[in-house]
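# Sequence first, then the predicted structure:
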Amino acid sequence: MNYFKIVLLTICLTSNFIFCQTEKEFTTLKTNTSDVKIPGIWEQLNKMNDSGQTYMENKEGIIIAVAQNPKKAYPTFIKTKSDYENVNLFYKWDSDYYAENKFKTKLLKENSNQEYVIWKYNDNKLDNVFLFGSSKDNFLNLLVYTDKWSEEQKITFLEELYRLNK
């Protein structure tokens, strides 16, 4: 009798696990160095050839931008520094540019173990929330631009996107 209950319970749990999983949709974007996997369905708006940044929009009107370029292509890259130190140099270089042009910038979060920095600047309309991170020999530059998500939602999305592509 106990064997029958164990088998029945195993069948129920297994079928529940198999049939209740939701399959997540992804969009694949080809960058200058490799493909980036983005959760959800996104359509390309445009690509900036000089930075390699591709702007995408979903059906909610959320705008993101993705760029992945070799670290050595950036003027801030120092071969003898760690990946995380180079991410910080990249962040400092970019945020200083916006600060010099009278935009407000703010560091939001750092993760030295995962080698990323999250920061923002305000373009006098909305906050541009960025994640700069290290992915092998590349910098991954991710952006969320919307007033439909809270800052926390933007950060959560950027961290998930980064983890998918690290």
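Happy to help now that I have it. Numbers count the residues shown, from 1 in each chain.

# ok, residues contacting stretch 92-102?
With contact meaning C-beta atoms under 8 Å, 6 or more residues apart in numbering, stretch 92-102 is reached by Y74, P75, T76, T105, L107, W119, Y121, F130, F132. Any C-beta I mention is one placed from the backbone N, CA and C, and that applies to glycine too.

# Buried members of those into ChimeraX, please.
In ChimeraX, the members of the contacts of stretch 92-102 classed as buried (16 or more other C-beta atoms under 10 Å) are selected with the following command:
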select :74,76,105,119,121,130,132
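
# Quick check: the farthest pair among the contacts of stretch 92-102?
Considering C-beta to C-beta, no two members of the contacts of stretch 92-102 lie farther apart than P75 and L107, which are separated by 20.7 Å.

# chain center to the host helix or strand of N69, what's the gap?
For N69, the element it lies in under DSSP states H and E is strand 63-70. The chain centre lies 8 Å from the centre of strand 63-70; the measure is C-alpha atoms, centre = their mean, to the nearest Å.

# and T54, bridged to which residues?
Residues found in beta-bridge contact with T54 (criterion: DSSP bridges) are K47, V66.

# residues contacting it?
For T54, the contacting residues are L29, T31, Q44, N46, K47, M48, A65, V66, A67, by C-beta under 8 Å, 6+ apart.

# just Y116 next, same as before
Each residue near Y116 by C-beta under 8 Å, 6+ apart is listed here: V87, E110, L131, F132, G133, S134, E159, Y162.
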